[in-house]
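Visitor: Quick one, fold the following:
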Amino acid sequence: MSEKNRDGKRNARQRLAAEREKQKSADKRRRALIVGVSVVGVLGLAAVIGVVAANAGKDKGGKSAGPVVAPSGAQGKDSLAVPVGKEGAKSTLTVWEDFRCPACQSFETRYRSTLHELTDAGKLRVEYHLVRLIDGNMGGTGSLHSANAAACAQDAGKFREYHDVLFANQPPETDDAFADNGKLIDLAGKVEGLDTPAFRSCVKDGTHNSWVDRSQQAFASGGFGGTPTVLFGGKNIYQDQSMTPEKLKEMVESADRG
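Guide: From the prediction side, this is the model:
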């Protein structure tokens, strides 16, 4: 073999070796790049998950975050019941209501005078649970804000009066008018002695918003079909087509006589 041919083969082997080293370096850089992109992707996903977790459970409709502050005199499990009537009454009516709920307004309009008569006579105790069902169904915050305002009225010892005013002035279900705290404060003017700086502050600050949310959670956990849910003796009498104010009065008075 000539010297020239030997040099040519040697140079070819050297070029091939150099090319292989070059390819190895390129492969190494590519692997490093893939690992780096993967790490960035994982970190980015972790950041997104962190943001989602941080925002989970936040109420976009209103100021519901914060400690659960039950209104004065609230009773029962988690202090979710606002009582009206004599504590020693032999009969108890448990009512789950939403101030935006038209069916609740119908119930209150039909039964109000009977409930007032029986509670004033000490024969019946009504325990009100305020929920925000319509906010979830229709959107808005009127159920939340009005329930908070009613809890603020309870703090002032004016719950029943303000409760009745809210239902008497209920807007159409699709109108979220009760989301306006100013309107709720204006309606307080219909209850003697309620429109005070303390009441206004309670309404504007959403003092009992988280309490309303907890009541809504209890309603959902209870498996109730809708509002109003009116329980007497463990049965939802609102679903009883034969029930009337007169019949309820007879049942309560019979229990009171023993």
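Visitor: What is the neighbour count of Ser242?
Guide: 6 (other Cβ atoms under 10 Å). (Each C-beta comes from the backbone N, C-alpha and C, glycine too.)
Visitor: which element is the most centrally placed residue in the chain on?
Guide: The centre of the chain sits closest to Asp213, judged by Cα atoms, centre = their mean, with a distance of 3.8 Å. Here Asp213 sits within helix 209-221, counting by DSSP states H and E.
Visitor: same for that helix, what does it pack against?
Guide: Using 3 or more Cβ pairs under 8 Å, 6 or more residues apart in numbering; DSSP states H and E as the contact test, the elements touching helix 209-221 are strand 124-130, helix 133-138, helix 142-155.
Visitor: Need the contact partners of the helix or strand that the last one is followed by.
Guide: If I follow you right, that is helix 142-155. Next helix or strand after helix 142-155 toward the C-terminus (DSSP H and E): helix 159-168. Helix 159-168 has contacts (Cβ atoms under 8 Å, 6 or more residues apart in numbering) with 71, 82, 84, 99, 104-105, 108-109, 112, 116, 128, 146, 149-151, 153, 178, 187-188, 190-192, 194.
Visitor: give me that answer again for 6 Å
Guide: Val82, Val84, Phe99, Gln105, Glu108, Ser146, Ala150, Ala153, Leu187, Lys190, Val191 (Cβ atoms under 6 Å, 6 or more residues apart in numbering).
Visitor: So which of those residues wins on neighbours?
Guide: Top of the contacts of helix 159-168 by neighbour count (other Cβ under 10 Å): Ser146, with 34 neighbours.
Visitor: got the contact list for that residue?
Guide: Phe99, Leu166, Phe178.
Visitor: which one of these sits closest to Gly139?
Guide: Ranked by distance to Gly139 (Cβ to Cβ), the contacts of Ser146 are led by Phe178 at 13.0 Å.
Visitor: Okay, that closest one and Gly225: tell me how far apart.
Guide: 23 Å (Cβ to Cβ, to the nearest Å).
Visitor: the more surrounded of the two?
Guide: Phe178 (26 against 8).
Visitor: Excluding sequence neighbours, find me the nearest residue to that one.
Guide: Residue nearest to Phe178 in three dimensions, not counting chain neighbours: Gly142, with 3.4 Å by Cβ to Cβ, 6 or more residues apart in numbering.
Visitor: Same question for Gln170.
Guide: Closest to Gln170 by Cβ to Cβ, 6+ apart is Gln105, at 4.9 Å.
Visitor: Specify the local secondary structure of the one you found.
Guide: With DSSP: H, G, I helix; E, B strand; the rest coil as the basis, Gln105 sits in helix.
Visitor: Pretty sure it sits against Pro171.
Guide: No: using Cβ atoms under 6 Å, Gln105 is not in contact with Pro171, being 10.3 Å away.
Visitor: In terms of pLDDT, where does the closest residue to Arg132 other than its chain neighbours sit?
Guide: Nearest residue to Arg132 in three dimensions, chain neighbours excluded: Ser143, at 3.7 Å (Cβ to Cβ, 6+ apart). Note on Ser143: pLDDT of 98.
Visitor: Done for today, thanks.
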